[in-house]
Structures are given as structure tokens and as C-alpha cells.
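Student: Give the three-dimensional model of this entry:
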Amino acid sequence: MEGMSGPYVIRGAVSLPEAELMWRFSRSSGPGGQHVNTSDSQVELRFDLARTQALPAVWKERALERLASRLVGGVVTVRASEHRSQWRNRETAAVRLASLLAEATAPPPRPRRATKVPRGINERRLRQKKQRSETKRGRSPRDWS
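Tutor: Numbering: from 1, shown residues only. Just a heads-up that it's a prediction; the model follows:
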């Protein structure tokens, strides 16, 4: 894995463990002309989310729940074939996986606190409705004779 641009940080001090990443390469249908027919530039990156020890237990539980539809046997898979070079596709796949996990492990948003609509806003809305209805009523030809 030499040459890769370092650990892919998920969030904080947690990053993707190189040892737990499974890479697979195949022929790509993407850009590259005749070069595509001879080189394995498409990258498939697999990460065993169910068995990993790299993520805190809470994060792992959250990710397993949120990514349930994407998992096959507890493994999340990311593909990349946008670039001609395998190396750039590897970078893309790793970054994509890190951001996917960052999103899946993020804490849930704070619940919205219900608030009352201010009286002034309600009054203004009713005033504008009345004004609009007056305008429209003024356009009708029924008072003309």
C-alpha cells in the first residue's frame, strides 16, 4: 500500500484501518480508450463493518443500522472507476468509504423543540390575506353598471 495518501480519517482520531480494507481490481468500462481493455483500473473496496474493531461500539452500531440496506453479510462495498489510473481510483474509493462511514456514524441531530407561532406573524399573515382579497374583489366587474 505504499504511495497511498495516508490514513483516511473518518472523524476525530478514528481512521480507516489499512489492514481491514479488502481491495479488488477489475477491468473498467470508464475512460481510458484502448488502455481500458488491458488494465485493471476499476477498484472495489470492501470493509467488514460487522467485524471491525477500529470503530467505537456506539459508532459501529449506528453505522450497521444506517447502512443496513448497503451491507452484504456485514460488509460495505464501494466502487470507483472514474479515472484512468488504478491508483487514483483507489484514492477515490477510500475517500468515498471514509465519508460514507463518517456520515453513517454521525450522532443523530438534536430533536426539534416545538415553539408557538408568534402572534405578530399570524396577524401580519391575516392582514396580507385581507388586503389581497380586497385587491382581487376590486377587479371583479359585478359593481360596474
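
Student: List the residues that contact residue 85.
Tutor: residue 41 (CB atoms under 8 Å, 6 or more residues apart in numbering). C-beta here means a position set from N, CA and C on the backbone, and glycine is covered the same way.

Student: when you give positions from now on, start the count at 549
Tutor: Noted, 549 is the first residue going forward, which turns the last one into residue 633.

Student: all strands for the protein, in order.
Tutor: 557-559, 562-563, 569-574, 590-596, 623-628 (DSSP state E).

Student: quick one: contacts for the nearest residue to residue 573 once chain neighbours are set aside?
Tutor: Leaving aside its sequence neighbours, residue 573 sits nearest to residue 588 (CB to CB, 6 or more residues apart in numbering; 3.9 Å). The contact partners of residue 588, taken as CB under 8 Å, 6+ apart, are 573-576, 634.

Student: Phi, psi for residue 588 please.
Tutor: phi -90, psi 80 (degrees, to the nearest 10).

Student: still on that earlier bit, would TSV of the strands of the chain with distance to residue 651 and mean pLDDT be doable?
Tutor: Putting the strands of the chain into TSV (distance: least, CB to CB, whole Å; pLDDT from 0 to 100) gives the following:
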stretch	distance to residue 651	mean pLDDT
strand 557-559	10	79
strand 562-563	14	78
strand 569-574	18	86
strand 590-596	14	89
strand 623-628	12	90
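
Student: Could you export those as CSV, including distance to residue 684?
Tutor: As requested, those are exported to CSV (distance: least, CB to CB, whole Å):
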stretch, distance to residue 684
strand 557-559, 55
strand 562-563, 60
strand 569-574, 65
strand 590-596, 61
strand 623-628, 56
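
Student: That concludes my questions; thank you for your assistance.
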